[in-house]
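Participant: Provided below are the primary sequence and the corresponding predicted coordinates.
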Amino acid sequence: TPTEVYTAWSAGADMVKVFPCGSFGPKYIRELLGPFDQISLVAVGGVDPGNIKDYFEAGASAVGASTSLFGRKSMMEHNLDEIAKNVNKFISLCPERKK
C-alpha cells in the first residue's frame with residue numbers, strides 16, 4: 001500500500017519492493033511515484049518479458065522475477081539452456097544501468 005511504501009522509505013530503505021504488481025500492473029508504479037517520486041520502487045510479481053519495459057517506463061527502478069524468468073518447467077527439468085535463454089531475454093529487455 002502507499003502507506004507501507006512510505007513507512008519503508010521513512011525507515012531508511014534505499015528501495016521499496018512493491019508486490020504483487022501483477023494485479024495492478026505498471027500503472028500502479030506510475031501512480032505511486034506521483035506522491036513518492038523520491039522513492040526507488042522495485043516491481044515484483046507478474047513481471048514478464050511482455051511487460052518488463054512497461055514497468056521501467058512507468059518509473060520502476062528495478063524489477064524482480066522468478067517463475068517468468070526461470071520457467072517452472074525449465075526448473076523442474078533442470079533445463080539450464082532454457083533458463084539461460086530466459087535470463088538473456090530479460091537482460092536484453094532491461095534498460096542500461098543509470099549512473
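Facilitator: It's in.

Participant: Flag every buried residue along the helix or strand of the chain with the lowest mean pLDDT.
Facilitator: Of all helical and strand segments in the chain, the minimum by mean pLDDT, DSSP states H and E falls on helix 67-70, at a mean of 89. By neighbour count on 16 or more other Cβ atoms under 10 Å, the buried set for helix 67-70 is 68-70. C-betas here are computed from N, CA, C, even on glycine.

Participant: can you check stretch 6-25 too?
Facilitator: In stretch 6-25, counting by 16+ other Cβ under 10 Å, buried: 8-9, 16-18, 21.

Participant: Adding distance to Gly59, secondary structure and pLDDT, write those residues out as JSON lines.
Facilitator: Formatted as JSON lines, the buried residues of stretch 6-25 follow (distance: Cβ to Cβ, whole Å; DSSP: H, G, I helix; E, B strand; the rest coil; pLDDT from 0 to 100):
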{"residue": "Ala8", "distance to Gly59": "17", "secondary structure": "helix", "pLDDT": "97"}
{"residue": "Trp9", "distance to Gly59": "15", "secondary structure": "helix", "pLDDT": "97"}
{"residue": "Val16", "distance to Gly59": "13", "secondary structure": "strand", "pLDDT": "98"}
{"residue": "Lys17", "distance to Gly59": "15", "secondary structure": "strand", "pLDDT": "97"}
{"residue": "Val18", "distance to Gly59": "11", "secondary structure": "strand", "pLDDT": "97"}
{"residue": "Cys21", "distance to Gly59": "12", "secondary structure": "coil", "pLDDT": "94"}
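
Participant: Max pairwise distance over those: which two?
Facilitator: Farthest apart among the buried residues of stretch 6-25 by Cβ to Cβ are Trp9 and Cys21. That separation is 17.4 Å.

Participant: Double-check that Ala43 belongs to a helix.
Facilitator: No. Secondary structure of Ala43 (DSSP: H, G, I helix; E, B strand; the rest coil): strand, not part of a helix.
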